[in-house]
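1. this one's structure only:
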């Protein structure tokens, strides 16, 4: 298993992108990370479901004005089995709102990583199977939405508690997220 990682994959993604010469500034109303770097801002909300994020996203996007959005969402819907069959539609509605609010932003949508519990992991797989179609529909509308397939990048050995990535899991997520 291993240790949880404060700041998550951003700790590993930032230096990798900076090494490639990208000028990076993480934005958002929340702030945390492994180091006291200036780049700790984000808009990740632990424990929140898709609908809760959707309710607040317009204000966050208006305040942050992001150029690129990293979206990994749906784990809590799947964990709680809360109308999970409708979770992909809630995600598509959220993406529509985000694309309308920030039409020039590039949106990177991550598949959910695996979860140790077999029954919950089947729900993860069902959710993930819907994401390519959602991304394709967005692209057909001319939106810069891309899929980042995290599920095959991680194994259950990369989880700290059976759900959340450990340090190695976050490193793998950063590698998957920076591929061209």
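-> Yep, it's here. It should be emphasised that the depicted structure is a prediction, and the values quoted were computed from it without experimental measurement.

2. show me where the chain has strands.
-> Secondary structure of the chain, counting by DSSP state E: strands at 30-31, 41-42, 68-71, 106-110, 145-148.

3. of all those strands, which lies closest to residue 129?
-> strand 145-148 (11.8 Å; C-beta to C-beta). Bear in mind the C-beta positions are built from the backbone N, C-alpha and C, glycine included.

4. Residue 121: what's its closest spatial neighbour, skipping adjacent residues?
-> Once flanking residues are discounted, residue 121 sits nearest to residue 115: 4.7 Å by C-beta to C-beta, 6 or more residues apart in numbering.

5. okay, that neighbour: pLDDT?
-> The confidence metric pLDDT takes the value 96 at residue 115.

6. Equivalent analysis for residue 160, please.
-> 86.

7. repeat for residue 99
-> Residue 99 carries a pLDDT value of 95.

8. Could I get the phi/psi values of the residue lying closest to residue 162 once chain neighbours are set aside?
-> In this structure, residue 162 finds its nearest non-sequential neighbour in residue 116, 3.6 Å apart by C-beta to C-beta, 6+ apart. As for residue 116, its main-chain torsions (degrees, to the nearest 10) stand at phi -60, psi -40.

9. OK, contacts around residue 116?
-> For residue 116, the contact set (C-beta atoms under 8 Å, 6 or more residues apart in numbering) comprises 156, 159, 162, 163.

10. Okay, and the beta partners of the second one?
-> Here residue 159 sits in beta bridges with residue 165, going by DSSP bridges.

11. Nearest to residue 77 among the contacts of residue 116?
-> Using C-beta to C-beta, these come closest to residue 77 at residue 163, 13.0 Å.

12. That closest one: neighbour count?
-> By the measure other C-beta atoms under 10 Å, the count of residues near residue 163 is 19.

13. related to what we said a few turns ago, quick one, what contacts the residue nearest to residue 121?
-> The neighbours of residue 115, taking C-beta under 8 Å, 6+ apart as the test, are 75, 78, 79, 121, 124, 156, 159, 162, 163.

14. Quick one: these as CSV, columns for distance to residue 95 too.
-> Formatted as CSV, those follow (distance: C-beta to C-beta, whole Å):
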residue, distance to residue 95
75, 16
78, 17
79, 21
121, 24
124, 19
156, 28
159, 26
162, 28
163, 23
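
15. For ChimeraX, write a command that selects the buried ones of the residues you listed.
-> One line in ChimeraX is enough to select the buried ones among the contacts of residue 115; burial here means 16 or more other C-beta atoms under 10 Å:
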select :75,78,79,121,124,159,163
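
16. Sitting in helices, which of the contacts of residue 115 do you find?
-> Of the positions in the contacts of residue 115, 75, 78, 79, 121, 124 sit in helices, assigned by DSSP state H.
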